[in-house]
Every structure is written in C-alpha cells, then in structure tokens.
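Visitor: Just a sequence and a predicted model for now, questions to come.
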Amino acid sequence: MGHFKAWVVEKTETGQSLTFKDFDEADLMDGDVTVRVTHSTVNYKDGLAMTGRSPVVRRFPMIPGIDFAGIVEHSDHGDYKPGDAVVLTGWGVGESHLGAYAQRARVKGDWLVPLPAGLSPAQAMAIGTAGYTAMLCLMALDHQGVTPDQGPALVTGASGGVGSVAVALMARAGWHVIASTGRDAEGEYLRGLGASEVLDRAELSKPGKPLAKERWAAAIDAVGSTTLANVLASTKADGAVAACGLAQGMDLPTSVAPFILRGVSLLGINSVTTPQPKRREAWARLARELDHDKLAAMTQTVPLPGVDTLAEAILEGRVRGRTVVEIA
Ligand code: NDP
C-alpha cells in the first residue's frame, strides 16, 4: 500500500473543491480488482463532476473520471490476472465509486471489459464513454431496422465527443450524414470525419412545429430539449432517433404527433449500466468499425495535472471531439 496522485473533489461550506493531491491507496473503495490507470478521458459528465454544476458526485471525497484504461495490478476476480489490459466505463465510477483521475483504481471485476483486440489503451480512451455511447446509439438504430436507403442520418452536437464518433461511425455504415453544429469553423473537421452536409444547430434549437418537413430517417441526438423535439418533428415516417444526451437541456417539449402520425421511434440510450454482452459487442464493433485515422483526427491529449482546465470548457461546448488524459 502507498500513496498516489489523484484529483479529489471534496465538500466545502460553499459547495465543493477540486485539488490534485496525494491519495492513500488504503482509502480506495472495495473492489476485487486493482488497476494501474494509464489513460482516462474528459466527458461531459466529468465536467459536471469537477465543477459541481450538476450534482453527479454522490459521495465525498470523490476522485472524478468516469472511464479508464489500465493494467491489472491485483485481482481476486476469476476473469482477470495481473498484467491484463482492461477498460472501464460507467457503473457510477467517478460519481459514487472513486474514479479514474488517479494513478490507481479499485473496482469490481464485473465492471471491466478486456482491452479490445486492435486498440491501444490510448485509443480505447480516445473512444471512451462518449464514443462507446455513440456505438450504442448506432446499435439501437440497427436493432430498430432503419437503413441508409430510407434517407439521411442526422447527428446533433456533432463537434462534441459523442457527436464526432457518431459522425464517423454512421458515415462508415453507409449513411448520408448531416452533422448539426453551432461551430461555423468546424465544417471542414466534420466533413473530414465523414459528414456529407453540415447544418447550423440554430435551425433546431428554437421551438418549432409538432410536425415539420420530413428530412432524415435516423438521428443520434446528444443535445435533448427543444433540439430533440425538432429532430423528432423532422424524422421521416418509420424512422428512429437514438437519444443519449442533454447538452441543451433535460426537458423534451414535444408532442405525440411524430410517434402516432409518422410511426417515429424514440430510442433511449444509457451507457452506464449496459449489461456485459452488449458492452463487449459495442467495444468489438468499435475496434472493427472506427477508422483509426479519424479517431486520431478528433483526439487531443492532456496530462493528468492539466485535466481541470477542460472542466468548464466541455460544459460550454468548447472542446472539439475527444480528449485523452495521460495518467502515467
Ligand atoms: P461534448 O460537450 O463533447 O458534446 C456536446 C456537444 O453538444 C457540444 O460539443 C456542442 O456541439 C453541443 N452543444 C453544447 N451545448 C449546446 C446547446 N446549448 N445547444 C445545442 N447544442 C449544444 O459532450 P459529450 O459528447 O461527452 O456528451 C454529449 C451529451 O451526451 C452530454 O449531455 C452527456 O451527458 C451525454 N452522454 C450520455 C451518455 C448516456 O449514457 N446516455 C453517455 C455519454 C454522454 P456543437 O458545437 O457541434 O453544436
């Protein structure tokens, strides 16, 4: 047992503090696998945890960081042994269980997946929770039976983490991708990832009609609120929308019109507690289907001590694509 470096969120009289400090390994929470964390990422939820903007931290002190890749150091779990490379997303890590912005993590082995063949730990975290969620959205649309011959696919929040991976995956799957963004300057970036058209998100962000012109057969929405209502209103008959995010808001000011008059399906996506078989299928598909050059083009890297500088930026929609946090 020893000490290691970690970001720690603590409760204060006025709210919460975030400090980079030594953490005693003896204070890690229960779990049957201890991992030397090598990489993590910055997701929207990490921004919420670090700033306290929304009460996602449900235990203090908390080490934020909802996902990691690393090497098993100690294991009492039958599936893992020291030296195994593993990946973790979700399960309340970084929210109710001590998280990834640290050199060590102790978790339940049942929460881990083996590092997928064909991906390095850094690439797995370039994908991270956001990219894995984009794949869950694509799998939900596939399961629903919508196909590229029915029309285009819209991706909202396209320059963000979920959005960037979704654009690349949907284009690879043969969709004519319409990427909705609020960032004028990112048109070329989004076309580079595979978008065929770029849409100004202002067209979707203000209150619209319950039903509008049919424009896309499928959508992946990371934005929620009025945007999701407008996405549904313009989805073609028998189309489907996978909803995973709330970057604009938690509300959904819509009507039943798209559902009962056009047979549109709204598919909810929760990446946190996805069962193991679906988790492993998603990671296997990511390893096969996500172009490595596109992944590299959407990824920046920060060292662990600098991760706090991105907390506000991701909540304000100023971070492009994905960010890997190098721990070692
Ligand atoms: P990012 O901040 O990287 O991306 C969000 C994007 O949404 C921004 O880049 C921006 O894209 C757009 N956006 C931001 N604010 C607004 C606004 N006010 N109105 C319209 N668009 C806006 O976050 P992530 O990609 O990591 O996460 C996206 C969402 O998905 C978050 O709400 C997150 O909580 C959720 N999520 C949910 C998961 C689940 O299990 N359901 C798992 C992972 C994420 P642009 O500039 O291109 O318009």
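Guide: The structure has been received and is ready for your questions. Residues are numbered from 1 along each chain as shown.
Visitor: Can you tell me what sits against stretch 143-152?
Guide: 173-178, 196-197, 214-218, 236, 238-240, 265, 267 (Cβ atoms under 8 Å, 6 or more residues apart in numbering). (Each C-beta comes from the backbone N, C-alpha and C, glycine too.)
Visitor: Can you mark which positions in that stretch are buried?
Guide: Under the neighbour-count criterion of 16 or more other Cβ atoms under 10 Å, stretch 143-152 has 144, 146, 148, 150, 151, 152 buried.
Visitor: so how far is that stretch off the chain centroid?
Guide: Stretch 143-152 sits 23 Å away from the centroid of its parent chain (Cα atoms, centre = their mean, to the nearest Å).
Visitor: could you dump that stretch to PDB, C-alpha only?
Guide: Taking Å, rounded to 0.1, in the frame of the first residue of the first chain, the C-alpha atoms of stretch 143-152 are listed here in PDB:
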ATOM      1  CA  HIS A 143     -31.700  -3.100 -34.000                       C
ATOM      2  CA  GLN A 144     -34.700  -0.900 -34.900                       C
ATOM      3  CA  GLY A 145     -34.100  -1.800 -38.500                       C
ATOM      4  CA  VAL A 146     -33.600   1.600 -40.000                       C
ATOM      5  CA  THR A 147     -31.200   1.600 -43.000                       C
ATOM      6  CA  PRO A 148     -29.400   4.100 -45.100                       C
ATOM      7  CA  ASP A 149     -31.700   3.600 -48.100                       C
ATOM      8  CA  GLN A 150     -34.500   5.200 -46.100                       C
ATOM      9  CA  GLY A 151     -32.800   8.600 -46.100                       C
ATOM     10  CA  PRO A 152     -30.100  10.600 -44.400                       C
END
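Visitor: what about the residue of the stretch 101-250 of the chain found nearest the ligand, distance to residue 317?
Guide: Of all residues in the stretch 101-250 of the chain, residue 160 sits closest to the ligand, at 1.9 Å by Cβ to the nearest ligand atom. Per Cβ to Cβ, to the nearest Å, residue 160 is found 7 Å from residue 317.
Visitor: Between those two, which is the more surrounded one?
Guide: residue 160 (28 against 18; other Cβ atoms under 10 Å).
Visitor: circling back to that earlier point, if I look at residue 160 and residue 317, which residues touch both of them?
Guide: residue 247.
Visitor: quick one on the thing from earlier: restricted to helices, list the buried residues of stretch 143-152.
Guide: residue 144 (DSSP state H).
Visitor: The closest residue to residue 5 other than its chain neighbours - how many residues pack around it?
Guide: Distances taken as Cβ to Cβ, 6 or more residues apart in numbering put residue 103 closest to residue 5, at 5.6 Å, once the chain neighbours are dropped. For residue 103, the neighbour count with other Cβ under 10 Å is 19.
Visitor: same check, this time on the one 10 residues further on
Guide: Neighbour count of residue 113, defined by other Cβ under 10 Å: 18.
Visitor: so what's residue 268 up against?
Guide: residue 243.
Visitor: Show me where the stretch 201-328 of the chain has its strands.
Guide: Under the criterion DSSP state E, counting those that start in this stretch, the stretch 201-328 of the chain contains strands at 216-221, 235-243, 265-268, 299-303, 322-326.
Visitor: again with the stretch 51-200 of the chain
Guide: Counting by DSSP E, counting those that start in this stretch, the strands of the stretch 51-200 of the chain are 67-75, 85-89, 104-107, 113-114, 153-155, 177-181, 197-200.
Visitor: ranking those by burial, who's on top?
Guide: strand 153-155 (a mean of 32; mean count of other Cβ atoms under 10 Å).
Visitor: Need the contact partners of it.
Guide: Contacts for strand 153-155 (Cβ under 8 Å, 6+ apart): 141, 163, 166-167, 170, 175-180, 195, 199, 215-222, 231.
Visitor: partners of residue 40 in the sheet?
Guide: residue 68, residue 325 (DSSP bridges).
Visitor: quick one: contacts for it?
Guide: 65, 67-69, 100-101, 125, 128, 304, 307, 324-325, 327.
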